Structures are given as C-alpha cells and as structure tokens.
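Asker: turn this into a structure:
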Amino acid sequence: MMKPRTPLTVLVVDDEQRSLETLRRTLEEDFTVFTALSAEEGEVIMGREFVQIVVSDQRMPGTSGVEFLRRVRSQWPDTVRLILSGYTEAEDIISGINDAGIWQYLLKPWHPDQLLLTLKAAAELWRLQQENQRLSLELRDSPEQLVQRVASRRGKVRARSGFDRLTRAADSPLNGICELAQKIAGHELSVLVTGESGTGKELLARAIHYSSERADGPFVVENCGAMPDTLLEAELFGHKRGAFTGAHEDRIGLFQQADGGTLFLDEIGDTSPAFQVKLLRALQEGEVRPVGSPRSVPVNVRIIAATNRNLEADVASGRFRQDLYYRIAGITFHMPSLRERPQDIPLIVASMFKESALAGRRFSDAAMKCLAAHRWPGNVRELQNEVLRALALGDGDLLDASLFSSHLRQSAAFINATSPAFDPQGATLKELLDQLEAQVIDAALRRHGGNKTRVAEELGLTRVGLRMKLSRLGLDGES
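Answerer: Okay, the predicted model is just below:
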C-alpha cells in the first residue's frame, strides 16, 4: 500500500477572526493550518514556517491581499498563492495575477467542499512544481534518462485520461457517446459538449484529446464564465507590457500555450456577445493578437467547448452568435445527468473505493439504496463528494447510510415513504436499482396525475427518455 503523503502547510490571512476560525475548521483535516489577522503577522509566520500555500483576503486594513502576496512571491516564489475576496474588481484581479502571481481568485461566500477541492489542487500544483525542479536538475546530468521518464509519464497520463476514465455500465447511455467520440477524435472537428455541471464534460474532452494525433501536445483548460471580458481576452490571447493597468510584463496567452494541442473552453455560453466577436475572429483566422500588440501570432489549436446552457436557444434569442455556434459545434455531445444513468452509480462507487487508500471497504445495502434514490443535482461531482465524506467519517469495512449528508438521507426517506416496500434479499444490484428507479418514477406519476411532461421535467429527463424508461421498467401501462 502506498504511504499517505505528508500534509502540506497552508497559511490563511484574514482580518476577521470568525472567518479565520471557519477556514481553519474546513482545512485542518487535510492540511497543517496557520492563521494570521494581518499581512504583517502573515509575513512573520512565513519567515519561521515552511509554508507551501497561502490564502489571503484582499481587503484588509493596512496592507492589501495583493500587496501581501506580491511580497510573498518576491521572498518565497515557490509558494502557491490564492486570493479570497467578496469583491470582483477587474483591476484587482489583473494586478493580482500579474504582480503577485496569484494562481486562483476565490469569491466569497465560499462553499467548504469547493474550497477544499481548490486547496487540494493547489497542493498538487506545488508538488508538481517541486517535481519539475527535480527533473530540471536531472536534465543537466542525464538528458537521456529524463527523456525516457517524460515518455513514461506521458503514457501514464494518456492511460488515466482515456475513455475508460468515464466509468460506465454495459447498458449506460454513455457508451454510445464514447463510441462516437472515439471515432471523431482523430479528425480535426471542433467539438461542443453540453450537459449539467458535474456530468464529466472535461473528462470527455480530455479523452478526445488523448485519443487524437494531438495527444503529445498540451491540453489547456479555461473557464470562460469565471472572469470579465477584459481579463478573459488577456488570458486567452495574451498581452504586452503596459497594455492596461497592472500589465507589468508580457504574458503568453492560452491559445499560444495550447499550440499544437487542444484548448478546452468551459462555460463558453457565459461569454458576452462582444467577446464572442473576438473569439470568432481568432478561430476563423487561426491567429491571435495579444492585447496591446500591433501584430497577430499564428496558432494551431483544436477547440473543444463546453456549456451547461442551451446554446441553440441562446442563438435563437440573439444571446449567442450563430456564426460562432457553428464554428465551435462541428459535432455536439450531450452528457447525460447522473439521474439518467443510475446503473453507473455502483461502478463509480467501486472505482473510488479501489483508488482510495482504504480499499476493501464497501457500502451497506441501505447506503446503496440511498445513493440510488437521490436525484443528484450535482451529478458525478456530488456523488464523489458523498463517497469521500463516507470514507473520511466511517470506521470499519462496511459503511452505512448514516455517513451521508442529511439532504441525501432525506431523499431516500422520501422515496421510502411514497413507494411500496420491497425486500432486497436475493436481488442483484441491477435489480435493486431498477426497482428503486421504478419507485421514483411511479411516485412522480402519482403526484402529477400521470402527466408525463411534468414527470419528465421533475426528474430531469426528456420525454423520449422517460418513455424509454417506462417501457424498460414495465410502467408503460400508466396513463
């Protein structure tokens, strides 16, 4: 069994004591946490402790978060730096990214699970930076050995990012999507992936990239809905020094960083019409012009875009440009929600157990009934959080439903209260899931008086999808 990693050290700086206490409670199970009520106190801690990650509030009396992190960058450049703020001024964001080398700009109010995931990603970034430095030293002494190691790791990345990463059952609706995606991966088609948040849109994009001829090139990700136009333009196209306030050095954009590979534009439906014009021009001409530069730079990238919006409806309403839509939607894949593929839940859970350091554990029948009954508004990401919660809180090899969050247990209680009971003894897991799915649909039909349109809307299904489930489960006799 692989030894667990030593937890990294996080310094949290905020002038509100209550905020510090809440952040400490959120992070202390996974990190060694130090707290400071001011930038000056934070610098003292940085001077005596080995800190890998710093999270700082932006607006504080005296020294601001950006100014503090600028000093941190100067004295401790390897530290991963994050800003936590309730304000979204573009100038602050730009200054933070350029001057202080801030990796993430997090907004208040923050969600504990999301904050923890971000900090874990920051920890992985720090470890990768250290590994990169070690590899650079090895390159001086043994370039041949380094080439072999890089090739080996590239092969491992491909294996971890292939279509097998999309865990699915033999009758999962994902199978047809993955089969078609594999066919088009080797062709230079632009791809649009739609679906709710947490359904695995980025996983599909990565699988397409690593199954294409661009697999040896970079796979670069940008969330287009997370920043204003000015900053998004600078991030994607790059900028020259002095192009705007806070631009103190030249910066290569993500289009250039992705040259020869794939650029994944997440939440593209949230971009403004004004920015869509600039993006369309870049895609049509195959070149980008960094902000403040008189010359364009040629780029060779494949675009995979994703959105949780209905872009066809946005085109019809004029919110999204029709010409850009047809440019990015060479082929479209719709990722089904987790409630549309409940047969995949046991496999996803089993995969997570297998990958954890506590392999050999399993859920009780009651716990699996809870998982099958829930509607999963957060999709696979929500399921992963629930499994990780149970692994962290549970003792012993058999984990019960009491380890799940309260809203998940309430979902199961509602299903049990509105559906006839059944005996799970002797039933296979698929039979158990089919019975639970039939109970959910039957209860919805009763609530809506057999109105299938309303039932489909409540359950997040298309009318065709509901009709197929009714037929498969033997409920098509309902009116």
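Asker: I'd say R381 and S197 touch.
Answerer: Yes. With contact defined as CB atoms under 8 Å, R381 counts as touching S197 (7.4 Å). In short, each C-beta sits where N, CA and C put it, glycine included.
Asker: just give the number of residues close to S293.
Answerer: Residues lying near S293 (other CB atoms under 10 Å) number 15.
Asker: I should have written R295 there, sorry.
Answerer: Here the number of neighbours of R295 (other CB under 10 Å) works out to 7.
Asker: how close does it get to L263?
Answerer: For R295, the distance to L263 equals 21 Å [CB to CB, to the nearest Å].
Asker: repeat that for V191.
Answerer: 11 Å.
Asker: check V440 too.
Answerer: According to CB to CB, V440 stands 40 Å off from L263.
Asker: now R70
Answerer: Computed as CB to CB, the R70 to L263 distance reads 29 Å.
Asker: who's more crowded, those two?
Answerer: Just comparing R70 and L263: by other CB under 10 Å the higher neighbour count belongs to L263, 23 against 19.
Asker: okay, and the common contacts of V191 and L263?
Answerer: Shared contacts of V191 and L263 (CB atoms under 8 Å, 6 or more residues apart in numbering): 303-304.
Asker: after the helix or strand containing L69 comes which helix or strand?
Answerer: Using DSSP states H and E, L69 maps to helix 65-75. Next helix or strand after helix 65-75 toward the C-terminus (DSSP H and E): strand 80-85.
Asker: can you report phi and psi for T307?
Answerer: Backbone torsions for T307, taken as degrees, to the nearest 10, come to phi -160, psi 150.
Asker: same question, D397
Answerer: Per-residue torsions, D397: phi -90, psi -20 (degrees, to the nearest 10).
Asker: which residue is the nearest non-sequential neighbour of it?
Answerer: Leaving aside its sequence neighbours, D397 sits nearest to R361 (CB to CB, 6 or more residues apart in numbering; 5.1 Å).
Asker: check the spacing between the one you found and Q384 real quick.
Answerer: Taken as CB to CB, the span from R361 to Q384 is 15 Å.
Asker: now S136
Answerer: Counting by CB to CB, the gap from S136 to Q384 is 34 Å.
Asker: more crowded one of these two?
Answerer: Between S136 and Q384, counting by other CB under 10 Å, Q384 is the more crowded of the two (17 against 10).
Asker: grab the nearest non-local neighbour of that one.
Answerer: Looking at Q384 with CB to CB, 6+ apart, the closest residue is M352, at 6.6 Å.
Asker: with G253 instead?
Answerer: G238 is the one closest to G253 (CB to CB, 6+ apart), at 3.1 Å.
Asker: now for that neighbour, how many residues are close by?
Answerer: G238 has 23 neighbouring residues, counting by other CB under 10 Å.
Asker: quick check, it in contact with E249.
Answerer: No. In this structure G238 lies outside contact range of E249 using CB under 8 Å: 11.1 Å.
Asker: could you give the mean pLDDT of whichever strand or helix holds M368?
Answerer: In the assignment (DSSP H and E), M368 maps to helix 365-373. Throughout helix 365-373, pLDDT has a mean value of 87.
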